[in-house]
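[1] with the input below, show me the fold.
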Amino acid sequence: VMPAVSISSNPSTVVPGQQAVFTAAVANGGPNPSYQWYINSAAIIATSDQYTGTLQAGDWISVILHSNAQCSLVQNVISNDIVVAGTSSVGTSPGLSKEEVTIYPNPASTSLSLSLSKGEGTARVLPATIKISSIAGQMVLSEVMNSDVISINIIGLANGVYMIQVYDAGGVLLKVEKLVKQ
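    You can find the predicted model right below:
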(Lines give C-alpha, C1' and ligand atoms only; values in the text may rest on other atoms or scores of the structure.)
Protein backbone atom coordinates (compact mmCIF):
# COMPACT_ATOMS: atom_id res chain seq x y z
CA VAL A 1 0.00 0.00 0.00
CA MET A 2 1.06 3.59 -0.55
CA PRO A 3 0.59 5.93 2.42
CA ALA A 4 -0.52 9.51 1.79
CA VAL A 5 -1.04 12.62 3.89
CA SER A 6 -2.54 16.02 3.22
CA ILE A 7 -3.11 18.90 5.58
CA SER A 8 -5.89 21.41 5.99
CA SER A 9 -6.39 24.36 8.29
CA ASN A 10 -9.19 25.83 10.38
CA PRO A 11 -9.88 28.55 9.48
CA SER A 12 -9.37 27.52 5.86
CA THR A 13 -7.61 30.82 5.12
CA VAL A 14 -4.82 31.32 7.63
CA VAL A 15 -4.51 34.92 8.80
CA PRO A 16 -0.98 36.05 9.76
CA GLY A 17 -0.64 36.40 13.52
CA GLN A 18 -3.87 34.56 14.34
CA GLN A 19 -4.08 31.05 15.75
CA ALA A 20 -5.09 28.21 13.42
CA VAL A 21 -5.54 24.45 13.75
CA PHE A 22 -3.75 22.32 11.15
CA THR A 23 -4.99 18.75 10.67
CA ALA A 24 -3.36 15.85 8.82
CA ALA A 25 -5.68 13.57 6.81
CA VAL A 26 -4.02 10.18 6.34
CA ALA A 27 -4.56 7.25 3.98
CA ASN A 28 -2.80 3.94 4.54
CA GLY A 29 -0.90 5.20 7.57
CA GLY A 30 -1.23 1.97 9.50
CA PRO A 31 -2.71 1.37 12.94
CA ASN A 32 -0.36 3.74 14.78
CA PRO A 33 1.26 6.32 12.45
CA SER A 34 3.47 9.10 13.77
CA TYR A 35 3.88 12.67 12.59
CA GLN A 36 6.55 15.38 12.48
CA TRP A 37 5.39 18.93 11.72
CA TYR A 38 7.60 21.56 10.08
CA ILE A 39 7.34 25.33 9.84
CA ASN A 40 9.57 26.85 7.15
CA SER A 41 11.38 23.47 6.90
CA ALA A 42 12.33 23.50 10.61
CA ALA A 43 11.00 20.68 12.78
CA ILE A 44 8.73 21.80 15.60
CA ILE A 45 7.63 20.00 18.76
CA ALA A 46 4.40 18.57 17.39
CA THR A 47 3.93 14.85 16.77
CA SER A 48 0.18 14.23 16.58
CA ASP A 49 -2.21 14.49 13.65
CA GLN A 50 -3.02 18.10 14.68
CA TYR A 51 -0.98 21.20 15.35
CA THR A 52 -2.35 24.44 16.75
CA GLY A 53 -0.23 27.53 16.32
CA THR A 54 0.22 31.05 15.04
CA LEU A 55 2.10 31.62 11.80
CA GLN A 56 3.29 34.83 10.20
CA ALA A 57 3.02 36.11 6.62
CA GLY A 58 5.22 34.05 4.32
CA ASP A 59 5.47 31.08 6.69
CA TRP A 60 4.58 27.61 5.44
CA ILE A 61 3.70 24.45 7.33
CA SER A 62 3.83 20.79 6.34
CA VAL A 63 3.95 17.40 8.03
CA ILE A 64 5.79 14.14 7.42
CA LEU A 65 3.77 10.99 8.05
CA HIS A 66 5.73 8.01 9.35
CA SER A 67 3.55 5.07 8.33
CA ASN A 68 3.62 1.76 10.15
CA ALA A 69 1.25 0.03 7.74
CA GLN A 70 2.24 -3.51 6.86
CA CYS A 71 3.13 -3.89 3.18
CA SER A 72 3.74 -0.13 2.91
CA LEU A 73 5.75 0.79 -0.19
CA VAL A 74 7.40 3.69 1.66
CA GLN A 75 7.48 4.61 5.33
CA ASN A 76 7.70 8.41 5.16
CA VAL A 77 5.61 10.73 3.01
CA ILE A 78 5.39 14.50 3.06
CA SER A 79 2.20 16.52 2.88
CA ASN A 80 1.24 19.51 0.85
CA ASP A 81 2.32 22.92 2.18
CA ILE A 82 -0.02 25.54 3.56
CA VAL A 83 1.48 28.98 2.97
CA VAL A 84 0.35 31.99 4.97
CA ALA A 85 -0.51 34.85 2.63
CA GLY A 86 0.44 38.44 3.25
CA THR A 87 3.48 40.61 3.08
CA SER A 88 6.76 38.99 4.04
CA SER A 89 10.47 39.41 3.44
CA VAL A 90 10.42 36.74 0.72
CA GLY A 91 11.07 38.34 -2.66
CA THR A 92 11.63 41.90 -1.42
CA SER A 93 15.17 42.33 -2.69
CA PRO A 94 15.41 45.53 -4.76
CA GLY A 95 14.91 44.74 -8.43
CA LEU A 96 14.19 41.02 -8.14
CA SER A 97 11.21 39.00 -6.97
CA LYS A 98 10.87 35.34 -6.06
CA GLU A 99 9.23 34.67 -9.44
CA GLU A 100 12.48 35.74 -11.15
CA VAL A 101 14.46 32.95 -9.45
CA THR A 102 14.10 29.67 -11.37
CA ILE A 103 15.14 26.30 -9.94
CA TYR A 104 15.22 23.30 -12.32
CA PRO A 105 14.87 20.36 -12.87
CA ASN A 106 12.75 19.29 -9.97
CA PRO A 107 12.80 16.35 -9.22
CA ALA A 108 16.54 16.10 -9.92
CA SER A 109 19.09 13.29 -9.69
CA THR A 110 22.59 14.56 -10.52
CA SER A 111 22.58 18.34 -10.81
CA LEU A 112 20.34 21.28 -10.14
CA SER A 113 20.34 24.61 -11.96
CA LEU A 114 19.31 28.00 -10.63
CA SER A 115 18.87 31.08 -12.77
CA LEU A 116 18.06 34.68 -12.09
CA SER A 117 16.05 36.62 -14.66
CA LYS A 118 18.25 39.13 -16.41
CA GLY A 119 17.56 42.73 -15.57
CA GLU A 120 19.08 45.69 -13.83
CA GLY A 121 18.14 44.26 -10.42
CA THR A 122 20.24 41.12 -10.87
CA ALA A 123 23.53 42.88 -10.10
CA ARG A 124 22.21 43.97 -6.70
CA VAL A 125 21.34 40.35 -5.85
CA LEU A 126 24.77 38.84 -6.55
CA PRO A 127 26.58 37.20 -4.97
CA ALA A 128 23.55 35.13 -3.96
CA THR A 129 23.74 32.29 -1.46
CA ILE A 130 21.98 28.98 -2.09
CA LYS A 131 21.38 26.73 0.90
CA ILE A 132 20.00 23.20 0.64
CA SER A 133 18.65 21.70 3.86
CA SER A 134 17.25 18.33 4.79
CA ILE A 135 13.56 18.24 5.64
CA ALA A 136 14.68 18.15 9.29
CA GLY A 137 16.26 21.60 8.79
CA GLN A 138 19.94 20.51 8.71
CA MET A 139 21.95 22.36 6.04
CA VAL A 140 23.55 19.79 3.71
CA LEU A 141 24.92 22.05 0.96
CA SER A 142 25.72 25.72 0.49
CA GLU A 143 26.86 27.45 -2.70
CA VAL A 144 27.64 31.03 -3.69
CA MET A 145 26.10 32.22 -6.96
CA ASN A 146 28.26 34.86 -8.69
CA SER A 147 26.50 34.87 -12.07
CA ASP A 148 22.91 34.73 -13.24
CA VAL A 149 23.06 30.90 -13.74
CA ILE A 150 24.62 28.19 -11.57
CA SER A 151 24.68 24.39 -11.72
CA ILE A 152 24.97 22.53 -8.42
CA ASN A 153 26.17 18.93 -8.20
CA ILE A 154 23.73 16.98 -5.98
CA ILE A 155 24.97 13.44 -6.68
CA GLY A 156 26.22 13.18 -3.08
CA LEU A 157 22.79 13.88 -1.59
CA ALA A 158 20.70 10.91 -0.51
CA ASN A 159 17.37 10.45 -2.26
CA GLY A 160 14.64 12.37 -0.46
CA VAL A 161 13.03 15.74 0.05
CA TYR A 162 15.08 18.88 0.67
CA MET A 163 14.42 22.60 0.99
CA ILE A 164 16.29 25.11 -1.19
CA GLN A 165 16.67 28.68 0.07
CA VAL A 166 18.04 31.47 -2.12
CA TYR A 167 19.34 34.64 -0.41
CA ASP A 168 20.50 37.85 -2.09
CA ALA A 169 23.81 39.60 -1.32
CA GLY A 170 22.18 41.43 1.59
CA GLY A 171 20.80 38.25 3.17
CA VAL A 172 17.18 38.79 2.04
CA LEU A 173 15.40 35.49 1.40
CA LEU A 174 14.33 35.49 -2.26
CA LYS A 175 12.86 32.03 -2.68
CA VAL A 176 12.20 28.80 -0.86
CA GLU A 177 11.34 25.67 -2.79
CA LYS A 178 11.02 21.98 -2.07
CA LEU A 179 13.48 19.78 -3.97
CA VAL A 180 12.97 16.10 -4.62
CA LYS A 181 16.27 14.24 -5.10
CA GLN A 182 15.82 10.94 -6.96
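[2] could you use CA atoms for every contact and neighbour count after this?
    Will do.
[3] helix/strand/coil for T47?
    Here T47 is coil, with the state taken from DSSP: H, G, I helix; E, B strand; the rest coil.
[4] do I have it right that it meets S34?
    Yes. The pair T47 / S34 is scored as a contact, 6.5 Å apart, by CA atoms under 8 Å.
[5] roughly how far apart are Y167 and M145?
    Using CA to CA, to the nearest Å, Y167 is found at 10 Å from M145.
[6] quick check: end-to-end length of stretch 54-65?
    Stretch 54-65: ends 22 Å apart by CA to CA.
[7] in that stretch, what counts as buried?
    For stretch 54-65, the buried set under the neighbour-count rule, 16 or more other CA atoms under 10 Å, comprises 55-57, 59-65.
[8] do the same with stretch 63-78
    63-69, 75-78.
[9] from these, which two are the most distant?
    V63 and A69 (17.6 Å; CA to CA).
[10] that older thread, list residues touching both of Y167 and M145?
    128-130 (CA atoms under 8 Å, 6 or more residues apart in numbering).
[11] scan the residues you listed and report the most crowded one.
    For these, the largest neighbour count, defined by other CA atoms under 10 Å, is 25 neighbours, found at A128.
[12] I'd like the distance between that residue and I64.
    Distance of A128 to I64, given as CA to CA: 30 Å.
[13] what does G171 give?
    G171 is 29 Å from I64, by CA to CA.
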